[in-house]
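Participant: any chance you could fold what I've pasted below:
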Amino acid sequence: MKVPIKIGKFALMLLLAAAPGAVAAPQAPAAGNTAGLYRSIPNDETSVIDRTAVMILRGIVQAADDLSRKATGAATGQLNEAIRLIDTLRLNLSTATARNRLAIARLDLRHEPIISVQRDLTQVDTALDEIADYFSVDKARRHVAAARKHLEHGDKGGAAAELTLADRSLEVVEVERPLAEAEQSLIAARRDLARGATGKAAKALQLAIKRVRVISAVVHSPLYLARQSLYRAHQSFLAGKIDEARAYITQAREYLEQASGTTAVWGKERVAVLTGEVRQLEQQLNQHGTATEAVVRSAWEKAKALSERAAAYLDTHWDESETTLTAEDDLLNAKMYLAYAASYQLTMGNAAEAGQELELAATALTRAAKNALIDRATARKIIVMRNQVNTLRTAPPADPAELAARYDRLDAELARQIHNY
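Facilitator: Predicted coordinates for the structure are as follows:
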């Protein structure tokens with residue numbers, strides 16, 4: 001069986017090349033002025049991830065070819081190797097150390113005294129500091145701080161919940177979701193091979209190939225690159241390095257202009273609006289006008305929400321018509337609307353705009369709950385989330401910390417439902 005595969009160069013997190021066929025990537029700040037420049041993923045780590053991703057894809061394709069020749073033993077060997085390499089790739093994500101430290105702390109909550117868990121959290125803090133230059137850790141830090149407060153009151157259950165939310169906030173959604181789904185497909189294919197169900201195994205392999213293709217496509221996408229540039233702009237802005245921030249914002253604007261021509265129908269309007277907002281921000285900085293940290297941060301938050309939604313769209317609709325809508329689409333849209341609402345309310349202090357986004361989220365959740373393919377138990381959970389969204393819109397808590405916590409909990413529950421869909 002000959003499987004056509006297009007493999008772009010896979011570079012995780014901060015990829016400075018334009019998408020294939022797009023215009024040349026905009027230039028980052030000059031190399032001669034890098035003293036305060038926020039670094040990308042270290043080159044050696046990127047190259048390891050790059051090579052590993054390509055090896056995974058090659059192994060899956062080889063397994064499919066082996067299976068077509070009825071060489072089931074060889075196919076099983078390729079599957080085992082691909083699954084091992086997926087674990088390797090996951091361990092090479094820059095967030096891995098922090099997430100492993102969080103896992104240790106959660107396990108110690110079950111068996112160790114509170115003082116030991118508090119020491120664990122100090123190591124979590126160190127791991128978060130190590131990645132803060134190129135990955136947003138604000139939510140994780142907030143949840144770790146909340147976990148500490150719970151521990152001070154002897155509340156291990158509350159601490160565990162906060163540490164779970166901290167872990168979820170460190171997920172590289174665009175990469176880790178298709179990676180996990182590819183692994184699930186490979187495990188299913190291996191199980192089917194062991195049972196002699198070669199037809200089912202072949203279908204599972206094709207699905208795994210699709211998932212790995214998605215990863216490569218996403219990290220080359222202009223939206224993903226715009227998200228990364230805006231995060232670096234925000235970090236530079238916080239450090240008072242306005243020239244660097246300006247260069248990164250220009251870079252982001254050029255990526256967003258590329259994205260405007262490639263984004264699916266669901267996101268075209270939002271990408272166009274964000275492009276205009278970033279262009280206005282760029283003009284303000286070029287004219288030495290006023291630009292607040294909140295505006296820069298909000299632009300990054302919106303780009304992050306759009307990038308994650310675009311990745312999910314590609315994952316869901318790789319082989320489907322754009323008009324094929326599912327309950328999963330509604331859940332994914334609700335998650336995007338919720339992220340926009342959080343940016344408006346928590347970052348910009350704009351309750352009116354947040355209310356509009358929350359109304360959209362509630363409508364999407366209502367539609368998802370009514371989908372004929374959703375079972376009753378799941379529908380009830382979705383309705384509970386819909387009611388929580390409406391409460392957040394009509395009666396938000398006055399305490400900013402509790403408001404942020406409500407958003408985080410809703411986002412985590414939506415992510416859980418999407419994962420289980």
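
Participant: phi and psi next, for residue 239.
Facilitator: Dihedral angles of residue 239 (phi, psi; degrees, to the nearest 10) stand at phi -80, psi 0.

Participant: wait, residue 221 sits on residue 310?
Facilitator: Yes. With contact defined as CB atoms under 8 Å, residue 221 and residue 310 form a contacting pair (6.5 Å). No exception for glycine: its C-beta is placed from N, CA and C like everyone else's.

Participant: give me the domain ranges for the chain.
Facilitator: Annotated domains of the chain cover 96-169, 221-305, 325-421 [automatic domain parsing].

Participant: need the next SSE after the helix or strand hosting residue 385, C-terminal direction.
Facilitator: Counting by DSSP states H and E, the element that carries residue 385 is helix 376-394. Using DSSP H and E, the helix or strand that follows helix 376-394 in sequence is helix 400-420.

Participant: need the nearest residue in space to residue 140, chain neighbours excluded.
Facilitator: residue 166 (4.4 Å; CB to CB, 6 or more residues apart in numbering).

Participant: out of the domains of the chain, the one nearest residue 204 is which?
Facilitator: domain 325-421 (18.0 Å; CB to CB).

Participant: show me where pLDDT drops low in this structure?
Facilitator: 1-50, 262-266, 287-291, 315-325, 420-421 (pLDDT under 70).

Participant: how about the spatially most central residue of it: what's its closest non-neighbour residue?
Facilitator: When CA atoms, centre = their mean is applied to the chain, the residue found nearest the centroid is residue 173 (2.3 Å). Closest residue to residue 173 apart from its sequence neighbours, by CB to CB, 6+ apart: residue 308 at 4.6 Å.

Participant: the one you found: what's it in contact with?
Facilitator: Residues near residue 308 by CB atoms under 8 Å, 6 or more residues apart in numbering: 173, 174, 335, 336, 339.

Participant: distance to residue 359 and secondary structure for these - can I get that in JSON lines?
Facilitator: Shown next, in JSON lines, are these (distance: CB to CB, whole Å; DSSP: H, G, I helix; E, B strand; the rest coil):
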{"residue": "173", "distance to residue 359": "24", "secondary structure": "helix"}
{"residue": "174", "distance to residue 359": "27", "secondary structure": "helix"}
{"residue": "335", "distance to residue 359": "15", "secondary structure": "helix"}
{"residue": "336", "distance to residue 359": "14", "secondary structure": "helix"}
{"residue": "339", "distance to residue 359": "15", "secondary structure": "helix"}
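
Participant: just those now: which is nearest residue 260?
Facilitator: Closest to residue 260, out of all of the contacts of residue 308 and judged by CB to CB, is residue 336, at 17.2 Å.

Participant: which of the contacts of residue 308 ranks first by neighbour count?
Facilitator: residue 174 (27 neighbours; other CB atoms under 10 Å).

Participant: so that one touches residue 306, yeah?
Facilitator: No. Between residue 174 and residue 306 there is no contact under CB under 8 Å: 11.0 Å.

Participant: on that earlier part again, ok, and which of the domains of the chain has the densest surroundings?
Facilitator: By mean neighbour count, with neighbours taken as mean count of other CB atoms under 10 Å, domain 221-305 ranks first of the domains of the chain at a mean of 20.

Participant: if you count contacts, what does the host helix or strand of residue 150 end up packed against?
Facilitator: Here residue 150, judged by DSSP H and E, is contained in helix 138-152. When contacts are defined as 3 or more CB pairs under 8 Å, 6 or more residues apart in numbering; DSSP states H and E, helix 138-152 sits against helix 114-131, helix 156-169, helix 400-420.

Participant: with respect to residue 359, which of those helices lies nearest?
Facilitator: When the helices and strands packed on helix 138-152 are ranked by proximity to residue 359 (CB to CB), helix 400-420 comes first, at 14.3 Å.

Participant: secondary structure element for the residue lying closest to residue 229 once chain neighbours are set aside?
Facilitator: Once flanking residues are discounted, residue 229 sits nearest to residue 252: 3.9 Å by CB to CB, 6+ apart. Element membership for residue 252 (DSSP H and E) is helix 242-260.

Participant: show the subsequent helix or strand relative to that helix.
Facilitator: helix 265-286.

Participant: how far off centre is that next one?
Facilitator: Distance, stretch centre to chain centre, for helix 265-286: 21 Å (CA atoms, centre = their mean, to the nearest Å).

Participant: for stretch 113-131, same thing?
Facilitator: So, by CA atoms, centre = their mean, the centroid of stretch 113-131 is 24 Å from its chain's centroid.

Participant: residues in contact with that stretch?
Facilitator: Contacts for stretch 113-131 (CB under 8 Å, 6+ apart): 94-95, 97-98, 101-102, 104-105, 108-109, 137, 140-141, 144, 147-148, 151, 154, 156, 159, 166.

Participant: do that again at 7 Å, thanks
Facilitator: 94-95, 97-98, 101-102, 104-105, 108-109, 137, 140-141, 144, 147-148, 151, 154 (CB atoms under 7 Å, 6 or more residues apart in numbering).

Participant: that older thread, and residue 74, which of the helices and strands packed on helix 138-152 is closest to it?
Facilitator: Ranked by CB to CB, the member of the helices and strands packed on helix 138-152 that lies closest to residue 74 is helix 400-420, at 32.4 Å.
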